[in-house]
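>>> sharing a sequence plus its predicted fold:
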Amino acid sequence: MQADLNASRKRFAIVVSRFNSFITERLLLSALDGLVQLGAKEKDLAIVRVPGAFEIPLAARELAQTKKYDAIICLGCLLRGDTAHYDVIVNEVTRGIGQSAQETGVPHAFGVLTCETLEQAIDRAGLKMGNKGFEAALAAVEMANLKQSVVGRSSLAVGTRKAVSYQLSALRKRRKPKPPTRPKKRGR
């Protein structure tokens, strides 16, 4: 089962960190562009700015708990420094976003860059490697549609079982059973 990439009639909240805004604003613009390209309307988008990446999970959870949004997009940029602070923040932000998604049932897209250098962040914000904000928007749309299709159809379980059965059947046909081997006769 694969959900479609149609953002029309869906509501999205974007939580974006102000820290490293040179990067996060590029992520935000690209995420907005992706949502609009996929049919989202401006009135169905909310942008919430937080001081830094550490604050993203709390804001995302608060937005998800309102049940107003089909998905939450989390955008930030963490750059490694000379201390262990980076590792602590990366772990907490990642854990917090994942925990919020699991506990609220609202899909969260992870668009938080975790980079060794500013150059890597610039590349991931649209220079050489695409834009992770755009990718997070696509993931949010797909997951919102997937959730809707799973929750929205009571017959989905039956359709899923048929699809799994079909896949297993095709797999079995590809595997041709080996003919049984006869035991070798031992001469006396």
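That came through, no problem.

>>> quick check: beta-bridge partners of the spatially most central residue of the chain?
For the chain, the residue sitting closest to the mean C-alpha position, by Cα atoms, centre = their mean, is residue 109 at 3.8 Å. Note on residue 109: beta-bridge partners residue 73, judged by DSSP bridges.

>>> ok, it touching residue 71?
Yes - applying Cβ atoms under 8 Å, one finds residue 109 in contact with residue 71, separated by 6.3 Å. (Each C-beta comes from the backbone N, C-alpha and C, glycine too.)

>>> which neighbours do these two share?
Residues touching both residue 109 and residue 71 by Cβ atoms under 8 Å, 6 or more residues apart in numbering: 140, 143.

>>> what's the closest non-adjacent residue to residue 54?
residue 89 (5.6 Å; Cβ to Cβ, 6 or more residues apart in numbering).

>>> list the contacts for that neighbour?
53-54, 78.

>>> Serialize those to CSV and add fields for pLDDT, neighbour count and distance to residue 41.
Shown next, in CSV, are the contacts of residue 89 (pLDDT from 0 to 100; neighbours: other Cβ atoms under 10 Å; distance: Cβ to Cβ, whole Å):
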residue, pLDDT, neighbour count, distance to residue 41
53, 96, 29, 28
54, 96, 18, 31
78, 96, 24, 31
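
>>> ok so, going back, helix, strand, or coil at the residue nearest to residue 54?
helix (DSSP: H, G, I helix; E, B strand; the rest coil).

>>> likewise for residue 4?
coil.

>>> excluding residues flanking it in the chain, which one is nearest it?
Residue 4's closest residue in space is residue 145 (Cβ to Cβ, 6+ apart), at 5.4 Å.

>>> and for residue 22, the neighbour number?
For residue 22, the neighbour count with other Cβ atoms under 10 Å is 11.

>>> confirm that it sits in a strand.
No - applying three-state DSSP, one finds residue 22 to be helix, outside a strand.

>>> helices of the chain, start to end?
Remark: helices assigned in the chain by DSSP state H are 21-37, 56-65, 85-104, 118-124, 132-152, 156-174.
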